[in-house]
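Student: below is the sequence, then the predicted model.
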Amino acid sequence: MESNSAPVIIGSDHAAFSLKETLKHYVEQKNIAVTDVGPHSADAVDYPDYAFLVAGAVSSGKYERGILLCGTGLGMSMAANKFPHVRAALCNDLFSAIMSRRHNNANILVMGGRVIGDVLAKEIVSAWMETPFEGGRHQRRIDKFDDMGCPLNGLNII
């Protein structure tokens, strides 16, 4: 994980608390600072609270990248993507993680703690952190949804 050693912000819900702890330590071992917004136990919590903390920090530019985890990753990705300039990608496999960075410049990695195991999750984090954005035609596509308030403005809907 040498290509981007900027600090990372991480959060989860109770279903992925154990995976969050594992990944937090894994990233720290790579000499990357990690801000853990919680939760700090496996007690039941509402995932949107943690998605909003991480996505808000990335959206505001305080952090370049974040990691979110819940049982499936679905809820976290939906909640995080409500924030401007957040591109949260649900990646429970290596190919998706690489392509989310290469073509979509994903700035939040989302995974499902009940979907994948610790070993694969570590490999996904490494691949995601190490893969650069290609830019070019992909930047033009990202700009189309990053800079628009409402994607339906000016479109003819059938």
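Tutor: Arrived safely, thanks for sending.

Student: every contact and neighbour count from this point should use C-alpha atoms.
Tutor: Noted.

Student: Pro7 contacts Tyr63, doesn't it?
Tutor: Yes. Look at Pro7 against Tyr63 with C-alpha atoms under 8 Å: they come within range, at 6.8 Å.

Student: low-scoring stretches of the protein, by residue?
Tutor: 1-4, 147-158 (pLDDT under 70).

Student: recalculate using a threshold of 80.
Tutor: 1-4, 145-158 (pLDDT under 80).

Student: which parts of it are strands?
Tutor: In the chain, the strands defined using DSSP state E lie at 8-12, 34-36, 65-70, 88-90, 108-112.

Student: contact partners for the spatially closest residue to Ala33 that is not a sequence neighbour?
Tutor: Setting aside the residues directly before and after it, Ala33 is nearest to Pro7 in space (C-alpha to C-alpha, 6 or more residues apart in numbering), at 4.7 Å. Applying C-alpha atoms under 8 Å, 6 or more residues apart in numbering to Pro7 gives the contacts Ile32, Ala33, Val34, Thr35, Tyr63, Glu64, Arg65.

Student: can you rerun that using 6 Å?
Tutor: Ile32, Ala33, Val34 (C-alpha atoms under 6 Å, 6 or more residues apart in numbering).

Student: want to throw the residues you listed into a markdown table with neighbour count and distance to Pro48?
Tutor: Shown next, in a markdown table, are those (neighbours: other C-alpha atoms under 10 Å; distance: C-alpha to C-alpha, whole Å):
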| residue | neighbour count | distance to Pro48 |
| --- | --- | --- |
| Ile32 | 18 | 25 |
| Ala33 | 16 | 24 |
| Val34 | 19 | 20 |
